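# Quick one: sequence plus predicted model below, questions after.
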Amino acid sequence: MDQADLAGADLALSAKLEVTPMTAADSLPRALTPESVGLPAQSILRFLDRLEAARVCMHGFLLLRRGQIAAEGYWSPWTAERKHRMYSVSKSFVSLAVGLMIDEGKLSLTDRVADYFPDKTPQPLHPYLAEATVRDLLMMATPHSCNAYTQMDPDWVRAFFEKEPSHPPGTIFAYDTAATVVLGSIVERLSGQTFLAYMRPRLLDPIGFSADAWCVRTPEGTSWGGSGVICTLQDLAKVAAVCLNGGRWNGRQLLPQDYVAAATAKQIDNTIGGNCGYGYQIWREPENGFSFRGMGSQLAYCYPDQDFVFTCIADTQGAGPTGTVILDAMRQELLSSLSEQPLPEDPAAYNLLQERLAALRILPQAGDLVSPTADTVSGIWYEWADNPMGISRSRLTFLPDSLIWDYTNRQGDNRLHIGLGDCLAGPFPQLNYFGEQIGTASGTRYACLASAAWVEPHKIDFLIYITDDYFGTLKVSMAFKGDELAVYMTKVAEWFLDEYQGFAGGRAVREP
């Protein structure tokens, strides 16, 4: 089924289903105070202190204790309503769709996945790939040693079957996003819908999952279930809560209990990589926990014994140990502070927590906001020597609390407005990046947050966060020496910002 057929099936399903607005029963109830559900407000404040001290680029967090929101906060400009890319958390959603299909008798753990794709399997098919089952792919035990597709492959399911395997399936844990792509494509072939549409009447609508949540598409037009789900943090917390409760929501069994138990249990060992085991597209954790994990610290950590769920959204790609900071702070400040009984109220700490939550904002580039160099270089064009970025010239124009970066590259003339002491929201200049479908340029500019500061009197650094359906970070350092300019650019982003990596030198173009 191609993308047009899937879209048509989605419309047909929407016409059949009676969509009802989310009611109070579908919402996550809020605790009166964190102490009322056994979590000290002081521990949440310490958690926030640790994140701020490490300058973690957090976007939001939500804590559930005994089914109630103990605390929730968003770093401006993020809000509770804003949709967020969940990256590999999407894999856990696909697993739940597979579980629903198994419960309906449409699919089996022992089914061989190649049997669902006679149109995409080469002949003869390698025996390892012919033997691979739904269960093998669920527990990341494919016969491949790494991800089977690349950005350039036009069909990621076909790439899974065409890549030469390295070992028998069902034996060794090897993280392979193509496994999830294949599983999601099976769900879509069997249901005639996108996997999110298939899940809607069965799971997502009953829990009040955002009606406009969606998924980035693969080059062949199916849902990129391995990485592409875009929804709110509250949506994520609701799905995690259902799994924490064995598939139940408000007394209703939405997911098969046996499948949820198996999916969140250890199905295969992966301790050689420093982990605690893996279930069905769901990670095992210490303290009898399990987790959904996405690149850049999109996280849902679930602890059934403590009736506690920690969820967050962030962008910690390439930021050193900041992802570890989140988990360490969660375990040491939150999980370890949980009480079986309600705690004495702490009005002072509670009021301080509310003030902190209201004032959260993404931190800008650290450094000085003024430098005498600004006056000497502002408005001056610098011609660049040949460089990997393909930039031929640039100019910085300093304003009272911001600057304008003008530059010319292979795309043409570009401009970015950058804050000094604050993150300015705006469009990043490039127009050639992917949109709703991988491999297809959107022709639109990604949203970003840009800030700058002087890290030395002669050197200014830019910190640019891409905050669109794709996340990434660009760091730029510009150092001035007389009429000379030195530049270093580095990025962390999946399949974009490639034009912004490397070193360059330039010289001022002075008026005669």
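Great, that's in hand.
# so what does whichever strand or helix holds Asp235 touch, helix or strand wise?
Secondary structure assigned from DSSP states H and E places Asp235 in helix 233-244. Contact analysis of helix 233-244 by 3 or more CB pairs under 8 Å, 6 or more residues apart in numbering; DSSP states H and E lists strand 58-65, strand 68-74, helix 89-103, strand 248-249, strand 289-294, strand 298-303, strand 308-314 as its packing neighbours. Placement of C-beta: from N, CA and C, glycine included.
# Next, Thr180: secondary structure please.
helix (DSSP: H, G, I helix; E, B strand; the rest coil).
# Then Val260?
In three-state terms, and counting by three-state DSSP, Val260 is helix.
# And it, how far from Leu96?
Computed with CB to CB, to the nearest Å, the distance linking Val260 and Leu96 is 8 Å.
# Now the common contact residues for these two.
Cys243 (CB atoms under 8 Å, 6 or more residues apart in numbering).
# where does this protein have low pLDDT?
Low-confidence regions of the chain, defined here as pLDDT under 70, cover residues 1-26, 320-322, 511-512.
# how does it divide into domains?
Structural domains annotated on the chain: 3-17+34-358, 372-508, as defined by automatic domain parsing.
# Of those, flag the one that's most buried.
Mean neighbour count (mean count of other CB atoms under 10 Å) peaks for domain 3-17+34-358 among these, with a mean of 19.
# ok so, going back, how about the helices and strands packed on helix 233-244, which one is nearest Ala41?
Proximity of these to Ala41 was assessed by CB to CB; the nearest stretch is strand 68-74, lying at 7.8 Å.
# For the closest one, what is the distance to the chain centroid?
19 Å (CA atoms, centre = their mean, to the nearest Å).
# So which residues lie in contact with it, not counting its own?
Applying CB under 8 Å, 6+ apart, the contact partners of strand 68-74 are 28-31, 34, 37, 39, 41, 44, 48, 59-64, 80, 82, 233, 237, 353, 356-357, 360.
# for whichever helix or strand comes after that strand, packing partners?
Moving toward the C-terminus from strand 68-74, the first helix or strand encountered (DSSP H and E) is strand 84-85. Identification of packing neighbours for strand 84-85 by 3+ CB pairs under 8 Å, 6+ apart yields strand 229-231.
# which neighbours does the strand it packs on have in its sheet, and in what orientation?
On the basis of DSSP bridges, the sheet neighbours of strand 229-231 come out as strand 84-85 (antiparallel), strand 214-215 (antiparallel).
# okay, the ones you listed in JSON lines with distance to Ser371 next?
Conversion of these to JSON lines gives the following (distance: least, CB to CB, whole Å):
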{"stretch": "strand 84-85", "distance to Ser371": "36"}
{"stretch": "strand 214-215", "distance to Ser371": "44"}
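# right, and those - which one's nearest Leu369?
Ranking the strands paired with strand 229-231 by proximity to Leu369 (CB to CB) places strand 84-85 first, at 29.8 Å.
# List the contacts of the closest one.
59-60, 78, 216, 228-233, 298, 313, 469-471.
# Quickly note the distance from Leu109 to Met101.
Looking at Leu109 against Met101, where the rule is CB to CB, the gap reads 11 Å.
# meant to ask about Thr316
The spacing between Thr316 and Met101, counted by CB to CB, is 34 Å.
# ok, now Pro127?
Distance check for Pro127 against Met101: by CB to CB, it reads 26 Å.
# got the contact list for Gln267?
Gln267 makes contact with 135, 138-139, 277-280, according to CB under 8 Å, 6+ apart.
# Kindly reformat those residues as a markdown table and extend each row with distance to Pro344 and secondary structure.
Formatted as a markdown table, the contacts of Gln267 follow (distance: CB to CB, whole Å; DSSP: H, G, I helix; E, B strand; the rest coil):
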| residue | distance to Pro344 | secondary structure |
| --- | --- | --- |
| Arg135 | 49 | helix |
| Leu138 | 45 | helix |
| Met139 | 45 | coil |
| Gly277 | 38 | coil |
| Tyr278 | 40 | strand |
| Gly279 | 38 | coil |
| Tyr280 | 42 | coil |
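# With respect to Tyr87, which of those residues is nearest?
Proximity to Tyr87 was ranked across the contacts of Gln267 by CB to CB; first place goes to Tyr278, at 17.1 Å.
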